[in-house]
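A.B. asks: Give the three-dimensional model of this entry:
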Amino acid sequence: MAAGTLYTYPENWRAFKAQIAAQYSGARLKIASTSPAFTFGQTNRSPAFLSSFPLGKVPAYQGDDGFCLFESNAIAHYLSNDALRGSTPQASAQVLQWVSFADSEIIPPASAWVFPTLGIMQFNKQATEQAKEEVKRVLAVLNQHLNTRTFLVGERVSLADITVVCSLLWLYKQVLEPAFRQPYPNVSRWFLTCVNQPQFKAVLGEVKLCEKMAQFDGTFLKPSCCVVFALQLELELKCRKSGCSFIMDEFKRKYSNEDTLTVALPYFWDHFDREGFSIWHSEYRFPEELTMSFMSCNLITGMFQRLDKLRKNAFASVILFGANNDSCISGIWVFRGQDLAFTVSDYMYP
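C.D. replies: Coordinates of the predicted model:
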């Protein structure tokens, strides 16, 4: 039976998958999500943490036997028992099918719709309407599948149910009001069946379904708050897939392993694709927030961690200039395409 520690930040829905799986399998799981056991933006940037988890991402799992895992689906799979993973090759493949379905079909439109209502992403009417249509399509697929089934795979809860429920969680809590979910009774019946299982409730508590669809109210969390929120889902929507002649990974290898002035920068200007990429200058717009230098550095590193999904489509050098209580943050960014990765908001930047 697995035993170990799950490092995460509070209310991380990705971590919920592993926690619920552990409730079913009986795995002994300690949760490190608050100081002093774990401080997001500090602990996960420490040499000791990075030696086990080089990306510095959470959730991250470390077994009492020293075995380490990152990526939430892998952790949840490891902490599951055979019944959750699928007891036959066919069932196991079906579980994997729904886990992949959650990541590829549910998360992108869910984040595009829900994030603006939480104040961490600029509202875009066209993107929101498109996301609503994609959510309807996803719910229709689930509703049809569940028409003659209690659970997604087999006759009992599996990792498929755990993963898909956690992916739908914020939709049901934030925007799926009764009128919107009315055409999908099988999905709601299944969702409520799952979240009211003791193993789910031990992790999620009482899940209250949305009564009125939340709307974007024109306000944003301050950037320092956004840093510690799970923005990686939104970033998946921003990765542009068009080809170009500039190979970002090759430049990054030059930048990381060879001299910047004599090798990396000449390579950059020799190969830079001005049609496929653009260069931007950034300034932190709330210098009054910058007090102790180490806290400002944590702000930068925490931001980069949350932007990790953008690594294939962007490069940045961001630096803290100055001293305690007298500093600024400035940086240079290279993005694929000619637009910013995020829409500039007049509300966030008055």
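A.B. asks: low-scoring pLDDT stretches of the stretch 1-150 of the chain, where are they?
C.D. replies: 119-122 (pLDDT under 70).
A.B. asks: ranges for the strands of it?
C.D. replies: Under the criterion DSSP state E, counting those that start in this stretch, the stretch 1-150 of the chain contains strands at 3-7, 28-32, 60-63, 68-70.
A.B. asks: before we move on, what about the stretch 151-300 of the chain?
C.D. replies: 277-283.
A.B. asks: thinking again about what came up before, can I get the strands of the stretch 1-150 of the chain in CSV including mean neighbour count and distance to residue 246?
C.D. replies: All C-beta spots, glycine's among them, are computed from the backbone N, C-alpha and C. As requested, these are exported to CSV (neighbours: other Cβ atoms under 10 Å; distance: least, Cβ to Cβ, whole Å):
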stretch, mean neighbour count, distance to residue 246
strand 3-7, 20, 35
strand 28-32, 16, 40
strand 60-63, 22, 32
strand 68-70, 17, 29
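A.B. asks: Quick check: residue 174 touching residue 115?
C.D. replies: No - assessed by Cβ atoms under 8 Å, residue 174 is found out of contact with residue 115, at 9.6 Å.
A.B. asks: between those two, who's got more neighbours?
C.D. replies: residue 115 (25 against 17; other Cβ atoms under 10 Å).
A.B. asks: From residue 105, how far out is the more buried one?
C.D. replies: 17 Å (Cβ to Cβ, to the nearest Å).
A.B. asks: List the contacts of the longest helix anywhere in the chain.
C.D. replies: Secondary structure assigned by DSSP state H gives helix 125-145 as the longest helix of the chain. Contacts to helix 125-145, defined as Cβ atoms under 8 Å, 6 or more residues apart in numbering, come from residues 105-106, 108-110, 112-113, 116, 152, 164, 171, 181, 183-187, 190, 216.
A.B. asks: now stretch 31-42
C.D. replies: Residues from elsewhere that reach stretch 31-42 (Cβ under 8 Å, 6+ apart): 5-10, 12, 15, 19, 44, 58, 227-228, 298-299, 301-302, 305.
A.B. asks: among those residues, which ones are buried?
C.D. replies: 5-9, 12, 15, 19, 44, 58, 227-228, 298-299, 301-302, 305 (16 or more other Cβ atoms under 10 Å).
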